[in-house]
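J.: here's a sequence, model it:
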Amino acid sequence: MPTQPESTAPPALSFHGGLAGALAPLLLFLAGVTVLALNGAPDEKGFWPILLAALTLGLLLAKDRARYSEAMLDGMSQRVVMVMLCAWLFAGVMGTILGASGFIGALAWLARRAHLTGGSYVGAALLACALISTATGTSFGTILLAGPLLYPAGGPAGADPAVLMGAILAGATFGDSISPVSDTTIASSGTQDADIGGTVRSRLRYVLPAGLLALIASIAFGARADLSSIAHRGPATDARPLALLMLLAPALVIGMLLRKRHLIESLLVGCAVSGLLAVVLRLVTPAALLHVVPGTFGATGLIVEGMQRAVGVSIFTLLLVALVGTLQATDALDRLVRAAEGRARTPRMAEGWIVAVVSGAVLLTTHSVVAILAVGPFAKQTGERFALSRYRRANLLDMTACTWPFLLPWFLPTILAASASAGGTEFGMPQQSALSIGLHNTYAWALTGAVLLAVSTGYGRRWEASDDVDLQPLSPEIAALR
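T.: Numbers count the residues shown, from 1 in each chain. Sure thing, here's the model as predicted:
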């Protein structure tokens, strides 16, 4: 008699105290981050001790500490994590070179010449980031490229620091929620067997009003109240219009991304082009790029400085994904989905449960795509019970997953945006906390309102039979629920 092959999947990681023990490290991290954020934690380095404490608590509560340690390593060794770390290192180098070349001062000069000041500058920054993120499909890339350039230049333009950085993140959020090449769009449509084109077209009824509302709010509140604190001396007023040619470097990166070239390849090319342009245009010297100090076994220069800028957010990311990896090794996410199965009684309740479960999954995993993939089958099964359109289901998944990571201070987008604001001090633009940036992300708040409005009122609700797909006739029970 043939024997069944044994499963190679490791058993779920268990903790003393059951589910409460599994969630305790994450709750400790969230509580610590919230306290530090409310007290103005200077940057992501302030979160390191909290993450170490959370990981240590998890180790003490884990029943199998070796398995817990392996789960930490599994979280840190994900390919997407390595891509992010490399991207931050290379983007840090390019941003540092652009800053030293006088490009930010030249950008501020151009903004003044174009009469983009106060709220108009903030609105222009949001639109620019929305175009970049929609075209490239990457919110991280948009923050990395646009944040260190547009934020400092807002000082001489009289932009409110918190509102401006929130608008930059808002523009990045917009593209992540609508771009046909965004990973969340691909994941949400794929899990619901929906074509990407139809999904994006049907999403316009939600994101365009939210985007317009975000733009109006950013413009209305974008002017800086205290103009006396703006630095009128230094690099902002010593702008050299020749430095505007440095725009070729980030433009080349965006162009390569549009041609579907790899993010790492694009950023490496951007680093090389920015360094070459800066030297050829005599905006920086070769020694300023890299200088080896004799007898000290060390080196200094813009390249080293740029990489050092990425250290804080890189270590934070490694520790965070290690913590998330231990949670993903448990059955907490499966429990969440199972607990919601079969609870919906009406189409509105079905949509409410889809939004609630994917929200919980995002908060547990801190990763939008992972949450969508985990909740996708539940959303499909629940939605099909009430003949909800596959586009509607995909949109609810995607829009919900694109809110929390861009609002809350312990997610990578807000942390990365806070790191991107570090270079604005010499232009009178103080570094912003992740909490402040998330609170000023007008688009993410507007999108949250759009989701709640759509579920509560039925706005945009469509039925599967109306999507021109080969379906069986609706049962009388489902038809009556309409």
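J.: which residue packs closest to residue 425, ignoring adjacent ones?
T.: Spatial nearest neighbour of residue 425, excluding adjacent residues (Cβ to Cβ, 6 or more residues apart in numbering): residue 431 at 6.7 Å. C-beta coordinates here come from the backbone N, C-alpha and C atoms, glycine included.
J.: these two touch, right, the one you found and residue 420?
T.: No. Residue 431 is beyond contact range of residue 420, at 9.4 Å (criterion: Cβ atoms under 8 Å).
J.: how about whichever strand or helix holds residue 27: buried residues?
T.: Using DSSP states H and E, the element containing residue 27 is helix 19-38. Neighbour-count burial for helix 19-38 flags 21-26, 28-30, 32-33, 36-37 (criterion: 16 or more other Cβ atoms under 10 Å).
J.: more neighbours: which of residue 431 and residue 420?
T.: More crowded of residue 431 and residue 420, by other Cβ atoms under 10 Å: residue 420, with 31 against 18.
J.: where does the stretch 251-400 of the chain have low pLDDT?
T.: 295-297 (pLDDT under 70).
J.: need the contact list for the nearest residue to residue 389 once chain neighbours are set aside.
T.: Among residues not flanking residue 389 along the chain, residue 462 sits closest, at 3.8 Å (Cβ to Cβ, 6+ apart). Shown in contact with residue 462 (Cβ atoms under 8 Å, 6 or more residues apart in numbering): 202, 388-389, 391-392.
J.: related to what we said a few turns ago, who are the packing partners of the helix holding residue 27?
T.: Secondary-structure packing of helix 19-38 (3 or more Cβ pairs under 8 Å, 6 or more residues apart in numbering; DSSP states H and E): helix 48-61, helix 311-328, helix 332-340, helix 434-439.
J.: in the strand or helix carrying residue 124, what's buried?
T.: Assigned by DSSP H and E, residue 124 belongs to helix 119-136. For helix 119-136, burial by neighbour count (16+ other Cβ under 10 Å) applies to 119-130, 132-136.
J.: helices and strands around that helix, which ones?
T.: By 3+ Cβ pairs under 8 Å, 6+ apart, helix 119-136 packs against helix 139-153, helix 161-178, helix 196-221, helix 248-258.
J.: for it, give the mean pLDDT please.
T.: Mean pLDDT, helix 119-136: 91.
J.: ok and that helix relative to helix 196-221, angle-wise?
T.: 170 degrees (axes from the mean of the first three to the mean of the last three Cα atoms, to 10 degrees).
J.: apart from its neighbours in sequence, what residue is nearest residue 170?
T.: Using Cβ to Cβ, 6+ apart, the nearest residue to residue 170 is residue 443, at 3.7 Å.
J.: now for that neighbour, how many residues are close by?
T.: Other residues close to residue 443 by other Cβ under 10 Å number 32.
J.: surely it is in contact with residue 175?
T.: No. Counting by Cβ under 8 Å, no contact exists between residue 443 and residue 175, whose distance comes to 10.1 Å.
J.: okay, residue 465: pLDDT?
T.: Note on residue 465: pLDDT of 67.
J.: what of the one 4 residues further on?
T.: Residue-level confidence at residue 469 comes out at 43, pLDDT.
J.: what angle do whatever helix or strand residue 445 lives in and helix 161-178 make?
T.: In this assignment (DSSP H and E), residue 445 forms part of helix 442-457. Going by the same axes, to 10 degrees, helix 442-457 is angled at 50 degrees with respect to helix 161-178.
J.: which residues does helix 442-457 contact?
T.: 126, 166-167, 169-171, 173-174, 177, 206-207, 209-211, 213-215, 217-218, 348, 351-352, 355, 396, 399-400, 402-403, 406-407, 438, 459-461.
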